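Undergrad: Show me how the following folds:
(one chain, ligands or ions: 1)
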Amino acid sequence: MASSPTSAPAVLKLDAGQTGPVINRNVYGHFAEHLGRCIYEGVWVGSDSPIPNTRGIRNDVIAALKQLDIPVLRWPGGCFADEYHWKDGIGPRESRPAMINTHWGNVVENNHFGTHEFMDLVGQLGCDAYICGNVGSGTVQEMMEWVEYMTSDAISPMANLRRANGRDEPWVVRYFGVGNESWGCGGNMTPEYYSDQYRRYNTFVKNYRPTHPIQRYACGANGSDYNWTEVLMKKAAPLMHGLSLHYYTLPNDSWQNKGSATEFGEDLWITTLRKTLFMEELITKHGAIMDQHDPAKRVGMIIDEWGTWYNVEPGTNPGFLYQQSTLRDAIVAGLNFHIFHAHADRVTMTNIAQTINVLQAMVLTDGPRMLLTPTYHVFEMFKVHQGATVIPVTLTTPDYAFGQEKIPAVSASASRNAAGRVHLSLVNTNPHHAITVQCALTGISADKVSGRVLTAPAMNTHNTFDHPEAIKPADFTGAKLDGGQLTVELPAKSVVILKL
Ligand code: AHR
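TA: Got it, this is the predicted structure:
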């Protein structure tokens, strides 16, 4: 790998005497929509499929995703949520009515994957359910009945219907979103109108079992629409547990030509990373508005859609949002997680868009074949940060510049887990040069350091079905401890996780 150290090292101070907030496990959450091949093929193949499955859910994908310790999964959309009518997705599959998925390719949705199948999926993954309800084209009654159907243990019409469909026990739904992108595909509402709708719909998202209360999340802003946050917080903050935020990283500024996932030069490498770092400004500014209305930070910022969004892979259905994932996406994931950790006092959940076969996916499938993306590997490497306590870091880093663009070369985040282990993750955005990171450790008595690194020969290295291990983590030997001083030779264009 052609990379040599630049002259300027990065200097990092890690003071374990200062403790930050806990990184909510849900920051490593996921999102799976009825979109393209995410649910159908990616998750659901049906019990008659030759692809090995458990009650219709494919085993290879579950086994891969279980390695990520996914804490929470958002479903059924996305834009799909606001045209989804849950009663079409229960009962015998062969008699469920079909519908047109108008947002995503106008394909026929046969409703074979519905509430029971989703709850089976979260059960197999061992994660919590985050359901997104239909405000855009659904009624208050429909939403109320769905919550009753899923969570009531009473002798009631909806709980009895659930029993008739083969499920006696209520499920646990910990998180419920009241609409999705209500400013756009979810109904083109103004913030004033949506806050009133939120207040109304939310009233009927009942806690049928007080022992299992549901956290209610309001639809939040599109990127830098700060007025949306202001209005929502002013009109409805006491009635919500969380307010969402959506932000996607596009290399180009045009939705018509977002840029290729795999064919890009250094100009779009640095632009993509610079645009990713905009997440910091978004959280800071939305967070400042939230602070004014909620200084105690009771309301979580729920970044329930984030990730890269490119042109679809050539020859694939434009409505399916199928894209490859390269080393660039791994760097994007690492940078985003560091930003989320730095705001762990407010950011209590995020959901990558999306888990399988759509946008910045963990897993891609091709019929019976499956591969793990570089993004998957970052989620797996960083899972040690889940539920750990932030150790604040002070970082002085050289810049990485190309053309007119300039971004910090190094990004870092540290945490201490319940067992007292310290983990330090590092990202080098510079595609050419390794960087020495000199790290002073205070309050950490480490006598051993080990780690793993994710890097590859080219910026666009990615896994294919013919070469599924072109990029994967390797043991990292570039970290040395000398008393309270840790020195890391951080390879060019890499993501590293260290255990102290
Ligand atoms: O993740 C794809 C789409 O992006 C979602 O359906 C929608 O909420 C957003 O615009």
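Undergrad: in the chain, which ranges drop under the pLDDT threshold?
TA: Scanning the chain with the threshold set as pLDDT under 70 gives 1-7.
Undergrad: So which bits of it are right by the ligand?
TA: Contact residues (C-beta under 6 Å from any ligand atom) of the chain with the ligand: Glu33, Gly77, Gly78, Cys79, Asn180, Glu181, Glu305, Ala353, Gln354, Leu359. For glycine as for every other residue, the C-beta is placed from the backbone atoms N, C-alpha and C.
Undergrad: could I get these as TSV with distance to Ala218 and neighbour count?
TA: Shown next, in TSV, are the residues of the chain next to the ligand (distance: C-beta to C-beta, whole Å; neighbours: other C-beta atoms under 10 Å):
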residue	distance to Ala218	neighbour count
Glu33	19	28
Gly77	16	27
Gly78	16	27
Cys79	17	20
Asn180	11	29
Glu181	12	24
Glu305	14	25
Ala353	19	26
Gln354	21	26
Leu359	23	28
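Undergrad: At the geometric centre of the chain, which residue do we find?
TA: Nearest to the mean C-alpha position of the chain, by C-alpha atoms, centre = their mean, lies Ile352 at 2.1 Å.
Undergrad: so who does that residue touch?
TA: Gly29, His30, Phe31, Trp306, Gly307, Ala333, Gln360, Met362, Thr375, Phe379 (C-beta atoms under 8 Å, 6 or more residues apart in numbering).
Undergrad: where along the stretch 1-150 of the chain do the helices fall?
TA: 59-66, 115-125, 140-151 (DSSP state H, counting those that start in this stretch).
Undergrad: For the stretch 301-450 of the chain, which segments count as strands?
TA: For the stretch 301-450 of the chain, strands defined by DSSP state E, counting those that start in this stretch occupy the ranges 347-353, 363-366, 369-372, 389-391, 393-396, 399-402, 405-408, 410-416, 422-428, 433-442, 450-454.
Undergrad: wait, which of these is closest to Val312?
TA: For the strands of the stretch 301-450 of the chain, proximity to Val312 was assessed by C-beta to C-beta; strand 363-366 is nearest, at 12.8 Å.
Undergrad: circling back to that earlier point, I'd like to know which of the helices of the stretch 1-150 of the chain lies nearest to Leu250.
TA: Nearest of the helices of the stretch 1-150 of the chain (C-beta to C-beta): helix 59-66, 26.2 Å.
Undergrad: Tell me where the longest helix sits in the chain.
TA: helix 266-293 (DSSP state H).
Undergrad: what's across from whatever residue of the stretch 401-500 of the chain ends up closest to the ligand in the sheet?
TA: Nearest to the ligand, among the residues of the stretch 401-500 of the chain, is His462, at 20.3 Å (C-beta to the nearest ligand atom). On the basis of DSSP bridges, His462 is bridged to Thr326.
Undergrad: That one is in contact with Lys472, isn't it?
TA: No: applying C-beta atoms under 8 Å, one finds His462 not in contact with Lys472, separated by 11.3 Å.
Undergrad: For burial, what's the neighbour tally of Asn463?
TA: 22 (other C-beta atoms under 10 Å).
Undergrad: Give me the buried positions along stretch 451-458.
TA: Gly451, Arg452, Val453, Leu454, Thr455, Ala456 (16 or more other C-beta atoms under 10 Å).
Undergrad: tell me which element the last one falls in.
TA: Using DSSP states H and E, no element contains Ala456; it sits outside every helix and strand.
Undergrad: Backbone dihedrals for it, please?
TA: In terms of degrees, to the nearest 10, the main-chain angles of Ala456 are phi -160, psi 170.
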